[in-house]
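Q: quick one, what's the 3D model for this:
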Amino acid sequence: MADGNSNHGNSNQADLPCSSPVDLSVTLGRLQLKNPVLVASGTFGYAREMESLVDLSRLGGILPKTITAEPRAGNAPWRTVETASGMLNAIGLDNDGIEAFLANHLPYLASLDSSLIVSIAGRTQQEFVSLLAQLSEQEAIDGVELNISCPNVSGGVDFGTDPALCERLVTVCRQACCLPIIAKLTPNVTSIPQMAKAAEAGGCDVISLINTCQGMAIDWRRRRPLLGNVMGGLSGPAIKPIALRAVYQAAQATRTPIIGIGGIATLDDVMEFFVAGASAVQLGTVNFYNPAGSMTILDGLPAALAEAGASRVADVVGTLETR
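A: Have a look, this model is predicted:
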């Protein structure tokens with residue numbers, strides 16, 4: 001990714017007429033997507049809930065809510081709190097477990113004309129490996145995202161904050177699974193480049209970042225936190241500058257393709273993440289207040305790329321000029 005400027009300044013691209021076709025397909029390591037617009041895990045349910053609001057077949061990829069080996073009830077309420085410029089959540093990976101996912105949700109997701117990337121989380125390395133063993137048997141799954149960055153659960157998050165543990169987990173998962181692997185990183189660390197390098201050293205196909213930023217909300221009159229879990233993850237427009245910074249730093253530090261996440265709601269947001277170094281994006285919090293946002297972005301993306309003198313997404317990735 002550090003060599004993302006190689007296509008910048010190409011005179012042929014600069015002369016590209018707006019009427020020329022624009023190729024929206026992207027290649028992320030071994031993961032092939034028809035376009036770079038995905039929906040983030042935890043914000044889109046199991047897709048069925050959104051089918052009346054979104055043309056699911058147009059999405060580049062769908063990430064259903066994170067699944068775990070056993071069912072999880074999640075955290076005590078309140079589990080979401082609206083803030084001035086985003087949302088705090090402490091859902092706690094509430095899900096029915098992998099067996100229920102395979103039986104009740106995968107058949108529907110497999111019927112959709114969009115790439116399916118399954119998000120998984122585990123408290124231990126063995127839990128991740130066990131989940132991957134079951135998912136590898138499913139032909140409908142195009143990739144797996146390792147959620148090693150959720151701030152609202154006990155166990156598992158250490159994999160996303162300790163470089164050695166992160167590298168080891170990704171390595172073991174890579175050995176246990178033939179599917180493309182995405183490592184989802186947290187911003188709640190001292191060094192994004194260090195964690196990105198660790199994930200790359202472990203052999204992931206793609207790095208996605210960022211997950212939510214840890215925060216809290218307080219009712220000062222009652223002297224009580226608003227979230228039942230006390231702290232939660234902040235998402236939405238407030239974290240976009242943090243996410244852009246993290247994507248840029250990771251792109252400079254590694255050569256692994258990056259999926260940008262964090263406060264993305266508009267076409268301009270998407271283009272900013274591309275220029276910073278992301279080859280694709282995941283839309284998250286926007287799905288709650290503007291579910292059709294992904295469709296609007298896809299409608300305008302070809303023209304935005306043409307305006308940038310690009311015939312494909314890769315032409316603008318990592319073209320930020322800082323000198």
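
Q: quick one, phi/psi of Glu82?
A: phi -80, psi 140 (degrees, to the nearest 10).

Q: do you know how far it is from Arg48?
A: Remark: distance between Glu82 and Arg48 (C-beta to C-beta, to the nearest Å) = 25 Å. In this view, the C-beta of every residue, glycine as well, is placed from N, C-alpha and C.

Q: what's around Arg123, how many residues?
A: Look at Arg123: counted by other C-beta atoms under 10 Å, it has 17 neighbours.

Q: what are the boundaries of the helices in the stretch 201-323 of the chain?
A: Counting by DSSP state H, counting those that start in this stretch, one finds helices in the stretch 201-323 of the chain at the ranges 240-253, 267-276, 286-289, 293-307.

Q: also the stretch 1-150 of the chain?
A: For the stretch 1-150 of the chain, the helices defined by DSSP H, counting those that start in this stretch cover 11-14, 98-100, 106-110, 125-135.

Q: what's the closest of these to Val317?
A: Ranking those by their distance to Val317 (criterion: C-beta to C-beta) puts helix 11-14 first, at 12.8 Å.

Q: quick check: mean pLDDT across the closest one?
A: Along helix 11-14, the predicted local confidence has a mean pLDDT of 40.

Q: same question, stretch 134-152
A: Per-residue pLDDT over stretch 134-152 has a mean of 93.

Q: and stretch 248-261, by the same measure?
A: Per-residue pLDDT over stretch 248-261 has a mean of 98.

Q: cool, stretch 159-178 as well?
A: What stretch 159-178 shows for mean pLDDT is 96.

Q: got the buried residues for that stretch?
A: By neighbour count on 16 or more other C-beta atoms under 10 Å, the buried set for stretch 159-178 is 159-163, 166-174, 176-177.

Q: turn the helices of the stretch 201-323 of the chain into CSV, columns for distance to Thr27 and mean neighbour count.
A: Conversion of the helices of the stretch 201-323 of the chain to CSV gives the following (distance: least, C-beta to C-beta, whole Å; neighbours: other C-beta atoms under 10 Å):
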stretch, distance to Thr27, mean neighbour count
helix 240-253, 16, 22
helix 267-276, 14, 22
helix 286-289, 25, 18
helix 293-307, 16, 18
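
Q: coming back round to it: just the buried residues of stretch 159-178 now: which is nearest Thr266?
A: Nearest to Thr266 among the buried residues of stretch 159-178: Gly160, at 27.9 Å, using C-beta to C-beta.

Q: need the contact partners of the helix or strand where that closest one lies.
A: Mapping Gly160 onto the secondary structure by DSSP states H and E places it in helix 158-161. Contacts made with helix 158-161 from outside it, assessed by C-beta atoms under 8 Å, 6 or more residues apart in numbering, are listed as 125, 146, 148-149, 165-166, 169, 184-186, 188-189, 195, 211.

Q: now swap in stretch 40-52 and tell me
A: When contacts are defined by C-beta under 8 Å, 6+ apart, stretch 40-52 is touched by residues 56, 62-66, 89, 91, 105, 108-109, 112, 119, 145, 147, 261, 282-285, 287-288, 291.

Q: not counting its neighbours along the chain, what's nearest Gly202?
A: Val170 (2.7 Å; C-beta to C-beta, 6 or more residues apart in numbering).

Q: the one you found belongs to a helix, doesn't it?
A: Yes - checked against DSSP: H, G, I helix; E, B strand; the rest coil, Val170 lies within a helix.

Q: my guess is it meets Lys197, correct?
A: No - here Val170 lies out of contact with Lys197, judged by C-beta atoms under 8 Å, at a distance of 11.3 Å.

Q: give me the low-pLDDT residue ranges for the chain?
A: Scanning the chain with the threshold set as pLDDT under 70 gives 1-20, 154-156.

Q: ok, the residue nearest to Thr186 when sequence neighbours are not counted to Pro237 distance?
A: Closest residue to Thr186 apart from its sequence neighbours, by C-beta to C-beta, 6+ apart: Ser149 at 3.4 Å. For Ser149, the distance to Pro237 (C-beta to C-beta) stands at 20 Å.
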